[in-house]
Structures are given as C-alpha cells and as structure tokens.
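S.K.: next input, structure requested:
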Amino acid sequence: RVETGGKQPYLFRMADETPFALAGIWEVYESPDACLETVAFLTTDPNNTCAEYHVRMPVIVPTNLYDAWIDPTNESPAGLLQSLGPYEERSM
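M.R.: You can find the predicted model right below:
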C-alpha cells in the first residue's frame, strides 16, 4: 500500500515482451432459475522476481501447454500439473 492508502500497481512482463497466458478455471452452473458463469485465476508461490512484491503470483501457462489448457476434450488434466508452480524468473 502507498501512503494515501491505495495500492501501488506493478507491471510484470516477459523479458522478450511477448504476451503470456494465465491459468484459470471456468464453469457454468445452470439451475431452473438461473445460469451463472464463474471464472477464477489460479495462483502459486511467487518466484524471486515477484516475491519482492507479493506472497503469491498468478500461474503463468508455458506456451507449449496452451493447447492442452484450452482443450475441452482433455481427458488427462494431470499433465497440466507441471505448469502450476512459479514461472521461471529468468523469462520475466
């Protein structure tokens, strides 16, 4: 927090400035009365780059797992577990 009570925003990016994806989960709950869509971003322990600013960081999906993360027919989500840890800091 800053002296005025607000929060200080920070910009994190990849060293090569390419876009990156965050891991999340999405679900639709349907009942006779309503339809509710929900989404949540997954977080993990921070790498050394982010630890200076916060006690957690969003899970950043490695580019080689993009297709697996968005594949609705993926029957083996255990393969995605490798991406749930802190992102390699040398790439940030």
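
S.K.: the nearest residue to Ile60 once chain neighbours are set aside: neighbour count?
M.R.: Of all residues not flanking Ile60 in the chain, Tyr87 sits nearest, at 4.0 Å (Cβ to Cβ, 6 or more residues apart in numbering). C-betas here are computed from N, CA, C, even on glycine. Tyr87: 22 surrounding residues under other Cβ atoms under 10 Å.

S.K.: now do Glu88
M.R.: 11.

S.K.: ok, Thr49 next?
M.R.: Around Thr49 there are 16 other residues, counting by other Cβ under 10 Å.

S.K.: my read: it touches Tyr10, true?
M.R.: No. No contact is recorded between Thr49 and Tyr10 when judged using Cβ atoms under 8 Å, the distance being 10.6 Å.

S.K.: look at the residue nearest to Ile60 and give its secondary structure.
M.R.: Here Tyr87 is coil, with the state taken from DSSP: H, G, I helix; E, B strand; the rest coil.

S.K.: what sits against Val2?
M.R.: Applying Cβ atoms under 8 Å, 6 or more residues apart in numbering to Val2 gives the contacts Gln8.

S.K.: show me where the chain has its strands.
M.R.: Secondary structure of the chain (DSSP state E): strands located at 21-22, 24-30, 35-41, 43-44, 57-58, 60-61.
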